[in-house]
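**Q** Attaching a predicted model along with its sequence, questions to come.
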Amino acid sequence: MAKQNIFDNEIFFENYQKLREREVNANNLFEIPERLKLMPDLKGLRILDLGCGAGDECSEYIRMGAKEVVGVDISEKMLEVARERNSDPDITYLCMPMEDIGNIEGGFDLVVSSLALHYIEDFKGVVKNVNRLLNEGGMFIFSQEHPVVTCHEDSYGSRWTKDENGKKIHCNLANYGKEGERNTVWFVDNVKIYHRMFSTVINDLVDGGFAIERLVEPEPSEELLEKYPEYYDLFHKPDFLLVKARKV
């Protein structure tokens, strides 16, 4: 089955780059700081970054003391940016789907993935490969779109119920227990993501040889809400799920 490579779509790629260049976005405010909190001391570690994109995290891990980082991404466009903007003798970039990482050499101390795993269908297979590539006691730390986000399909209607003034009262949840492919609109039509229930994510990790050490569903602080009140939405519906797991 052909693997989705939406980031090589020119329209999607350009709009995604513009989004990430904005200082105020959910990645910068929530996903990145919460993921970094989960990290162990990176000094001397060999790290695999799945869905590395433009390589910003790869460079950050080197700055944090990692010995070597291997970045994997299916998008040649993203890797062109990575090699131009985040080149380093201790970083290697590989163009391949995450589903094919079983073909690379193991011996990693840490495998990290930032907001990429919801784009793959075979999560269970990736988990098993990650476990094989890790050294004993190695860590798997990843973020993904939260299952209450991935369950939604645009054909179901609005994601929100609002009052007469347009204020969001609560999010609308539908087909949470119906797992599988979702077609969404994000910059372009027919962006495929894959919905898995929270329990499936955790059970696939446990079945794949991991012990769960930490789960995070980021919420805004009072200080952040004073600056960006629109993020009150996250009390209704978390955008992200972050997981820290250890190979056992």
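**A** Received, thanks.

**Q** Could you check how far the residue positioned nearest the centre of the chain is from H170?
**A** Taking C-alpha atoms, centre = their mean, the centroid of the chain lies closest to L115, which sits 1.4 Å from it. For L115, the distance to H170 equals 25 Å [C-beta to C-beta, to the nearest Å]. Quick note: C-beta positions are derived from backbone N, CA and C, even for glycine.

**Q** just K192 next, same as before
**A** With C-beta to C-beta as the criterion, K192 and H170 are 27 Å apart.

**Q** same question, D88
**A** 46 Å.

**Q** just R159 next, same as before
**A** 10 Å.

**Q** Those two: who's more crowded?
**A** R159 (16 against 10; other C-beta atoms under 10 Å).

**Q** what's the longest strand in the chain?
**A** strand 134-145 (DSSP state E).

**Q** Packing partners of it?
**A** helix 32-38, strand 108-114, helix 123-133, strand 240-247 (3 or more C-beta pairs under 8 Å, 6 or more residues apart in numbering; DSSP states H and E).

**Q** any chance of these in TSV, with mean pLDDT too?
**A** What follows is the helices and strands packed on strand 134-145, written out as TSV (pLDDT from 0 to 100):
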stretch	mean pLDDT
helix 32-38	97
strand 108-114	98
helix 123-133	98
strand 240-247	98
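
**Q** any idea which of these is most buried?
**A** strand 108-114 (a mean of 23; mean count of other C-beta atoms under 10 Å).

**Q** what lines up beside that strand in the sheet?
**A** In the sheet, strand 108-114 lines up against strand 46-50 (parallel), strand 134-145 (parallel) (DSSP bridges).

**Q** Residues contacting the shortest one, please?
**A** The set of residues external to strand 46-50 that reach it, using C-beta atoms under 8 Å, 6 or more residues apart in numbering, is 57-58, 61, 66-72, 98, 101, 104, 107-114, 116-117, 126, 130, 133, 142.

**Q** what angle separates it from helix 123-133?
**A** With axes from the mean of the first three to the mean of the last three C-alpha atoms, to 10 degrees as the basis, strand 46-50 and helix 123-133 are set at 170 degrees to each other.

**Q** distance between the very next helix or strand once past strand 46-50 and the chain's centre?
**A** Counting by DSSP states H and E, the next helix or strand C-terminal to strand 46-50 is helix 56-63. For helix 56-63, the distance from its own C-alpha centre to the chain's C-alpha centre is 16 Å (C-alpha atoms, centre = their mean, to the nearest Å).

**Q** likewise stretch 206-216?
**A** Centroid displacement of stretch 206-216 relative to its chain, using C-alpha atoms, centre = their mean, is 16 Å.

**Q** pLDDT of it, averaged?
**A** What stretch 206-216 shows for mean pLDDT is 98.

**Q** Also stretch 174-182?
**A** 93.

**Q** Quote the end-to-end distance of it.
**A** 12 Å (C-alpha to C-alpha, to the nearest Å).

**Q** Pull the residues that contact that stretch.
**A** With C-beta under 8 Å, 6+ apart, stretch 174-182 has contacts from 121, 147-148, 150-153, 156, 192-197, 200.

**Q** Of these, which belong to helices?
**A** 147-148, 150, 200 (DSSP state H).

**Q** List only buried entries from those residues.
**A** Among the ones in helices among the contacts of stretch 174-182, those classed as buried by 16 or more other C-beta atoms under 10 Å are 147-148, 150.

**Q** Next, format those residues as TSV and append pLDDT.
**A** Converted to TSV, these look like this (pLDDT from 0 to 100):
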residue	pLDDT
P147	97
V148	95
T150	94
